[in-house]
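Engineer: I'll drop the sequence and a predicted model, then ask my questions.
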Number of protein chains: 2
Amino acid sequence: MCHIEASQDKSVRSPVVSGVSKPPRKFAGVVIVTTGLPATGKSQVAYCLSRRLNWNGESAKVMRVSDYRRKRQEPYISNGIFRPDHEASSALLDLAQQDAMQDCASWLAAGNTIAILDAALVTRKQRAEVYEYFSGQLHYRVLFVECVCEDEALIEANCREILRYSQDYKNVQVAVGLEELRLKIAYYRQLHQPMDEPYYPRIRLDTASMEMSAIKLSGHIETTVLGYLGGLSLKPHTLYFSRHGESEFNVLGKIGGDAVLSARGERYAQALASKINSMHIPELRVLTSRLRRTIATARGIEASQEHVAALNELYAGVCEGLSYEEMQEKYPQEFAWRDQDKLRYRYPWGESYVDTMKRVEPVLVELQQSSNVLVISHQAILRCIIGYFCDKLPEELPYEEVPLHTIIRLSSQGFGYKLEFIKMGIECVNTMRQKPQNCSATRTAADALITVPAHYDIPDPWRNPGSGPTLVQQH
Amino acid sequence: MCHIEASQDKSVRSPVVSGVSKPPRKFAGVVIVTTGLPATGKSQVAYCLSRRLNWNGESAKVMRVSDYRRKRQEPYISNGIFRPDHEASSALLDLAQQDAMQDCASWLAAGNTIAILDAALVTRKQRAEVYEYFSGQLHYRVLFVECVCEDEALIEANCREILRYSQDYKNVQVAVGLEELRLKIAYYRQLHQPMDEPYYPRIRLDTASMEMSAIKLSGHIETTVLGYLGGLSLKPHTLYFSRHGESEFNVLGKIGGDAVLSARGERYAQALASKINSMHIPELRVLTSRLRRTIATARGIEASQEHVAALNELYAGVCEGLSYEEMQEKYPQEFAWRDQDKLRYRYPWGESYVDTMKRVEPVLVELQQSSNVLVISHQAILRCIIGYFCDKLPEELPYEEVPLHTIIRLSSQGFGYKLEFIKMGIECVNTMRQKPQNCSATRTAADALITVPAHYDIPDPWRNPGSGPTLVQQH
């Protein structure tokens, strides 16, 4: 493998460096630089990479040069700055580039692991300056991700996405905006020097075919990024999610297990199937967990179905099948620990949210590359999957609302996603327990249980012959 | 992204398939097929991939066609079977190929996730048969990893490695063996049809430059493999390991913490520096953890040093700074759980071995690509790192012997590694606690502590004024 040292690269020496450069620090931060012509998808690549890296415990942030340009250009006047005859343009873009680079440096200096510089850098000189600054001066590792696209139809589609979602074109007519973008692309194409510098570690990504090549790669983050890029798709897509119908354990306030649906849960399964079948979603695929309650919920849906263990509910180990009241009684210390840090807490012999975040990654990759998939899974797992696409912080995941008997539609929109909740109007218990105020291990049972949602109690035919279930409510 | 369906690929239809093929199952097993001319490094790629995949929780196994050929050919006669004028050769190789493919299929049918078929497959017809069998008939996903090498010096070096380590050349003189291998390569080159089939998901790896390209990739395992290939180096290499010198916590039998070295630990640091400095290892790099005891141990070594948080000792959470006796007293249930499954057990607010396996991965990638690195770290962490290169099962890691005051040298040898222990002869406590027979939570303290190694007790100046430390031994 080639371990690039800045000092080897004679072609990239800038006047700011004097004397011998030190090699990049192997376990310090990495600067990922997305480069390429406009409308090749590089910003989307930057945001998708950032999302996946953060999911896996890195601290990554995207610095878009165009955001810095907009900041320096208030109030926004015209996009004409990209025309070659615009005099102030090059100075403004240079300043924006400097701003973005400085923020990358500050981000890494603060102890974060990855800065993503989203820039065009169409000339060798521009790339050399960036490489020299981060590698030569600051001794960070640098990885270029070069986005190329020669598919004119895709470039046109990308331009239309830019017109819909970019601040630059908020009040611009489509035809005018498209013409501006065409001019901008033509201008950049004229300046463009294809990336053929021999020493930069880099990945070349054809955003039309998604074919890739990797040159001079080394290091854990760089090779991880390579794998992540292989799992991308930049096409707009729509995904659907639902929890299983209400289960008999939900009714009793019990966690985990492999219970069947309650009567109301069965009604939801029918309603879900009617609704989804009536939507005639083209090439619909259904993924469920391997537990009975999700498989039963999917039963009536007319589509190919796959049962995936990675979609099983967070495994509660020694607490499987207990209600919160029983957990508080049997394991008060564990119950308190879970409330203190629900994200990282792992049930004895069970899982934590962090464990499940990792476990669902194969599904995330599949969903990232797919459209028209309905995922029928469980509360904790759907919190993770939907939270991933909505860029939730890990700490937020365990308290996200994913109610029973609701279809959730997630549609891509620019670099982000739009979320819609479709309530099916079939009654069910609420399974959402808020974090209580008192999380100390010495709290009273009443304090520990104050946020447990209402559920039914197990009927005791010996004590109350002929009795039905009773509603238990903590407050 | 391109989701290949076997039925789309008209060029790869074999007589065994009738009717329409089903698409590969998205969450079923994957067959990775390493292909290429002899001595391009494909078996080493196969074994390195398998090691990393298994480390990350997959169940991967390499089936080498040449192993199956040797099995069918007992007693081994001559390598002349590769000569084009050898009549029986092609039938024998076909049978070996079938054997390997069937074992791949059985491996996946048994619920494992990845089968790696290590074969040459130099013709389009051979590749089509493999693809049709696994994708068309069995509906598994298939990923080709094509190894190419045009560097004649590297091919020659690879041939010499084959002569040293392959069963085929055990009793063959080097000159004779080299001539045989040259003939074999020439024969295969003559048959070789470069891989240009348009529909197979594949990665092309130049094993000389380690440059890669990826075509038609999709799926989590496939893209993960892409990242892993980016972190490979096939060059022979040597690594060195040492635990920190004995610390004051070691002396007292305490776990975790950030204690300084004992007087004996300081003596080891000096001895280690003298020894390593006298070895004049070229371009030596030292990696330590960020804890005081490893940094102090490295102090006298003349080499560049980097302090890496990923090398810190397994974090024991609420048990940091306790002795095993104290842990048994305060948390008998936790102590028993740890003994029941030391690999997966996670200290409350701390880590498990599985957690640290994940945490050291950036270091593993760096070490995989490096030679002449000395890693100064801690018992649990070195168990993981050394265990990785020695293909230990995860279950074995928590009980591997990594004694104090010992230099460990690890040198690549064929597809595996050789391990040497260099004892420095400086007295120290033993920190290795064997798994006790009784791991039940209801065991007595004596049963729980029976395997705790001897250590010193904290002197109590109030009870025994002027006393030194006392040796505590459980049995």
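Structural biologist: Yep, it's here. If you're wondering where the values come from, they're calculated on a predicted model, not measured in any experiment.
Engineer: for the residue of chain A found nearest chain B, which non-adjacent residue is closest in space?
Structural biologist: When distances are taken as C-beta to the nearest C-beta, chain A reaches nearest to chain B at residue A:227, 2.5 Å away. Every residue, glycine included, has its C-beta placed from N, CA and C. Nearest non-adjacent residue to residue A:227, counting by C-beta to C-beta, 6 or more residues apart in numbering or on different chains: residue B:227, 2.5 Å away.
Engineer: is it true that the one you found touches residue A:221?
Structural biologist: No: counting by C-beta atoms under 8 Å, residue B:227 does not reach residue A:221; the two are 10.1 Å apart.
Engineer: mind listing what's buried along the helix or strand harbouring residue A:94?
Structural biologist: In this assignment (DSSP states H and E), residue A:94 forms part of helix A:89-109. For helix A:89-109, burial by neighbour count (16 or more other C-beta atoms under 10 Å in any protein chain shown) applies to A:89, A:93, A:96-97, A:99-101, A:103-105, A:107-108.
Engineer: make CSV from these and add distance to residue A:434 and pLDDT to it.
Structural biologist: CSV is the format used below for the buried residues of helix A:89-109 (distance: C-beta to C-beta, whole Å; pLDDT from 0 to 100):
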residue, distance to residue A:434, pLDDT
A:89, 52, 75
A:93, 48, 86
A:96, 44, 93
A:97, 46, 95
A:99, 41, 97
A:100, 40, 98
A:101, 43, 98
A:103, 36, 98
A:104, 38, 98
A:105, 41, 97
A:107, 33, 97
A:108, 37, 96
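Engineer: what's the closest of the residues you listed to residue A:431?
Structural biologist: Nearest to residue A:431 among the buried residues of helix A:89-109: residue A:107, at 38.5 Å, using C-beta to C-beta.
Engineer: residues contacting the closest one?
Structural biologist: Contacts for residue A:107 (C-beta atoms under 8 Å, 6 or more residues apart in numbering or on different chains) come out as A:61, A:63, A:115.
Engineer: now with 10 Å, please.
Structural biologist: A:29, A:31, A:59-61, A:63, A:113-116 (C-beta atoms under 10 Å, 6 or more residues apart in numbering or on different chains).
Engineer: now residue A:350
Structural biologist: Here residue A:350 is in contact with A:256, A:314-320 (C-beta under 10 Å, 6+ apart).
Engineer: of the residues you listed, list those near chain B.
Structural biologist: Residues of these in contact with chain B (C-beta under 10 Å from any C-beta of the partner chain): residue A:318.
Engineer: circling back: among the contacts of residue A:107, which pair sits farthest apart?
Structural biologist: Farthest pair in the contacts of residue A:107, by C-beta to C-beta: A:63 and A:113, 14.5 Å.
Engineer: more crowded one of these two?
Structural biologist: residue A:63 (22 against 19; other C-beta atoms under 10 Å in any protein chain shown).
Engineer: mind checking the SS state of that one?
Structural biologist: Under DSSP: H, G, I helix; E, B strand; the rest coil, residue A:63 falls in the strand class.
Engineer: which residue is the nearest non-sequential neighbour of it?
Structural biologist: That would be residue A:100: by C-beta to C-beta, 6+ apart, it lies 4.4 Å from residue A:63.
Engineer: give me the neighbour count for the spatially closest residue to residue A:417 that is not a sequence neighbour.
Structural biologist: Leaving out its chain neighbours, the residue that sits closest to residue A:417 by C-beta to C-beta, 6+ apart is residue A:389, at 4.7 Å. Residue A:389 has 19 neighbours, counted by other C-beta under 10 Å.
Engineer: my understanding was that residue A:389 contacts residue A:52; is that so?
Structural biologist: No: Residue A:389 lies out of contact with residue A:52 (C-beta atoms under 10 Å); the separation is 11.0 Å.
Engineer: pull up the overlap in contacts between those two.
Structural biologist: Counting by C-beta under 10 Å, 6+ apart, the residues touching both residue A:389 and residue A:52 are A:364, A:368.
Engineer: could you tell me which residues touch both of residue B:227 and residue A:221?
Structural biologist: Common neighbours of residue B:227 and residue A:221 are listed as residue B:365 (criterion: C-beta under 10 Å, 6+ apart).
Engineer: who has more neighbours, the two?
Structural biologist: A count of neighbours by other C-beta under 10 Å puts residue B:227 above the other of residue B:227 and residue A:221, at 23 against 20.
Engineer: so the more buried one sits against residue A:219, correct?
Structural biologist: No: in this structure, residue B:227 is not within contact of residue A:219 by C-beta under 10 Å, at 11.2 Å.
Engineer: now the common contact residues for these two.
Structural biologist: Jointly contacting residue B:227 and residue A:219 under the rule C-beta under 10 Å, 6+ apart are A:225, B:365.
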